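Q: any chance you could fold what I've pasted below:
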Amino acid sequence: LRISARAMCATEYYQTRDARYQPRRSVQDDLARLLEQGPDDPWLLQLHGRGGTGKTTLLNWFISRRCVVHEPMVACARIDCDMLDPVALLERPWLLLIEAAEQLNQQLASGPFRDLLRSFGDHRGRLRRVPGAADAAEGDRRRVEHIGGQVEIGFCRALAGSPPVLLALDALDEIATRSRVATEPLSRLVDLLFRVHSSVNIVRVVLAGREDLEQLVPELLTQSAGVIHAEMPGFEDIEVADYLSRRRVTSREKVQAVVNKSHGLPIVVALYADLIDGNPSLTGPDIEENTEPQLEYLISRILTRITNPVIRWSLSYSVVPSVLNIEFFREVMLPLWRGAARGEFVVDELDPDLQSRSTAILAKERPAVPSSDDNEAIGRLWKDIVAKANASEWISARSAAGQEDVIVVHPEVRARLRARVRG
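A: Coordinates of the predicted model:
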């Protein structure tokens, strides 16, 4: 079971290795308090902070390096709400319990959720806009409510006598945005979590996103016992220096330049470390003199180092879909790259200097793009793209049980670059 739990978060374990992770002591302590089991100990942490402060990185560290490796092991369900349908999530919050059951069932002895998943597992696809046989009940509101009640009962029954488990709902940004107009659906979601904990008090919950949910559902999150709140801070100057030291950036001139330009925003600090790693000759004045928007500048310079144009194009345009999977890559991207390789059009690069160089290079030498029936070559190319995605901080690959990795762009980056590449 521990092996299974570790395998499920192997990518996150690698991404939060010492050289890439800056400890966030105060918030880590808040997370650790959730695992204490006294009657007065907290069970729900509401974590919020501006984009790019490292909330997702912190959760990945906590789950992969604290929950599943320490004794006793804590089974975890990490639910990335950015990859799910927010409408379905708010209309039918009980779908989250099915998603959590799928993950927890692989980590708990005897697979306690087998009956629940056998009866209601088909509904899980609704969170990902995947049609299925369960959709037949969609139009019957009473039927849907009945199913939701059965799922809740089955979920709580399966956890009876279980050791503590953690449900981490990350990237609640779109849900919070929709809830500014009408808070009732969010209230139902949070109320469901309260009922589950009331029924099975070994359940621990993290709600993470940019918005302070306390402002949207104060009746649930402000006056309730066992709820704690934490705001994710930026880096202090000393933390910037410590992180850069972990990334082998020790030049005082470069460190001070990054301190000055990043204003302590962790994602910007990490991207500067990526940039310096690929261009060691970069000086402090080089960093200081940039006047372009930070994220766009850093990512365009990082992409410039990728010499294979097909990989570079795929990563540049990975901001277009909500997640980039191998199906989108095969069916949408590769036909475009084949056209570019034949000279039918020129792919826009993020870096204007690279654009002119790339055009000249492609006029002499066309890149190799696998044909539609060369599955082996497509698979190799996809693995190379995944490897490149995991080499930087603005983009990452995430594993899904029984599926190919998907590539996810940091929300702060996706929002800034999507309009640019679409334009």
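
Q: contacts for whichever helix or strand residue 57 is part of, please.
A: Assessed by DSSP states H and E, residue 57 sits inside helix 55-62. Helix 55-62 has contacts (C-beta atoms under 8 Å, 6 or more residues apart in numbering) with 9, 12, 15-16, 21, 24, 27-28, 31, 47-49, 78, 168, 170-171, 206, 208-209, 232, 266. Every residue, glycine included, has its C-beta placed from N, CA and C.

Q: export only the CA atoms of it, formatted as PDB.
A: Provided in PDB are the C-alpha atoms of helix 55-62 (Å, rounded to 0.1, in the frame of the first residue of the first chain):
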ATOM      1  CA  LYS A  55       0.500  26.800  -2.800                       C
ATOM      2  CA  THR A  56       0.500  23.800  -5.100                       C
ATOM      3  CA  THR A  57       4.200  23.200  -4.600                       C
ATOM      4  CA  LEU A  58       3.700  23.200  -0.800                       C
ATOM      5  CA  LEU A  59       0.800  20.700  -1.100                       C
ATOM      6  CA  ASN A  60       2.900  18.400  -3.400                       C
ATOM      7  CA  TRP A  61       5.700  18.500  -0.800                       C
ATOM      8  CA  PHE A  62       3.400  17.800   2.100                       C
END
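
Q: what about the closest residue to residue 282 other than its chain neighbours, how many neighbours?
A: Leaving aside its chain neighbours, residue 282 sits nearest to residue 276 (5.5 Å; criterion: C-beta to C-beta, 6 or more residues apart in numbering). Neighbourhood size, residue 276 [other C-beta atoms under 10 Å]: 23.

Q: my read: residue 276 touches residue 253, true?
A: No - taking contacts as C-beta atoms under 8 Å, residue 276 lies outside contact range of residue 253: 11.4 Å.

Q: between these two, which contacts overlap?
A: Jointly contacting residue 276 and residue 253 under the rule C-beta under 8 Å, 6+ apart is no residue at all.

Q: name the residues that touch stretch 414-423?
A: Contacts for stretch 414-423 (C-beta under 8 Å, 6+ apart): 51, 293, 295, 296, 299, 316, 317, 319, 320, 348, 350, 409.

Q: try 10 Å this time
A: The set of residues external to stretch 414-423 that reach it, using C-beta atoms under 10 Å, 6 or more residues apart in numbering, is 51, 82, 173, 293-296, 299-300, 316-322, 348-350, 394-395, 408-410.

Q: those in helices, which ones?
A: Counting by DSSP state H, the contacts of stretch 414-423 place 173, 294, 295, 296, 299, 300, 316 in helices.

Q: pull the contacting residues for the second one.
A: Each residue near residue 294 by C-beta under 10 Å, 6+ apart is listed here: 52, 261, 262, 263, 265, 267, 268, 271, 272, 416.

Q: the same query, at a cut-off of 7 Å, please.
A: Neighbour list for residue 294: 261, 268 [criterion: C-beta atoms under 7 Å, 6 or more residues apart in numbering].

Q: just the pLDDT for the closest residue in space to residue 222 that isn't next to it in sequence.
A: Closest residue to residue 222 apart from its sequence neighbours, by C-beta to C-beta, 6+ apart: residue 214 at 5.6 Å. Predicted confidence (pLDDT) for residue 214: 90.

Q: what about the stretch 251-400 of the chain, any weak spots by pLDDT?
A: 357-364, 400 (pLDDT under 70).

Q: show me where it has its helices.
A: 252-262, 266-278, 284-288, 294-304, 309-316, 326-328, 334-341, 352-364, 375-389 (DSSP state H, counting those that start in this stretch).

Q: list the buried residues in the fourth one.
A: Spelled out, it's helix 294-304. 294, 295, 297, 298, 299, 300, 301, 302, 303, 304 (16 or more other C-beta atoms under 10 Å).

Q: in JSON lines: those, plus distance to residue 112.
A: As requested, the buried residues of helix 294-304 are arranged in JSON lines below (distance: C-beta to C-beta, whole Å):
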{"residue": "294", "distance to residue 112": "47"}
{"residue": "295", "distance to residue 112": "44"}
{"residue": "297", "distance to residue 112": "50"}
{"residue": "298", "distance to residue 112": "46"}
{"residue": "299", "distance to residue 112": "44"}
{"residue": "300", "distance to residue 112": "49"}
{"residue": "301", "distance to residue 112": "49"}
{"residue": "302", "distance to residue 112": "44"}
{"residue": "303", "distance to residue 112": "46"}
{"residue": "304", "distance to residue 112": "50"}
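
Q: list buried residues within the contacts of stretch 414-423.
A: So, by 16+ other C-beta under 10 Å, the buried ones in the contacts of stretch 414-423 are 51, 82, 173, 294-295, 299-300, 316-322, 349-350, 394-395, 408-410.

Q: which stretches of this protein form strands?
A: 44-48, 75-80, 165-170, 203-209, 227-231, 395-398, 406-409 (DSSP state E).

Q: which one of the ones you listed lies closest to residue 38?
A: strand 203-209 (12.9 Å; C-beta to C-beta).

Q: out of the helices of the stretch 251-400 of the chain, flag the one nearest residue 150.
A: helix 326-328 (32.5 Å).

Q: buried set for that closest one?
A: Across helix 326-328, burial judged by 16+ other C-beta under 10 Å covers 326, 328.

Q: can you check stretch 261-274 too?
A: For stretch 261-274, a neighbour-count test (16+ other C-beta under 10 Å) marks 261, 262, 265, 266, 267, 268, 269, 270, 271, 272, 273, 274 as buried.
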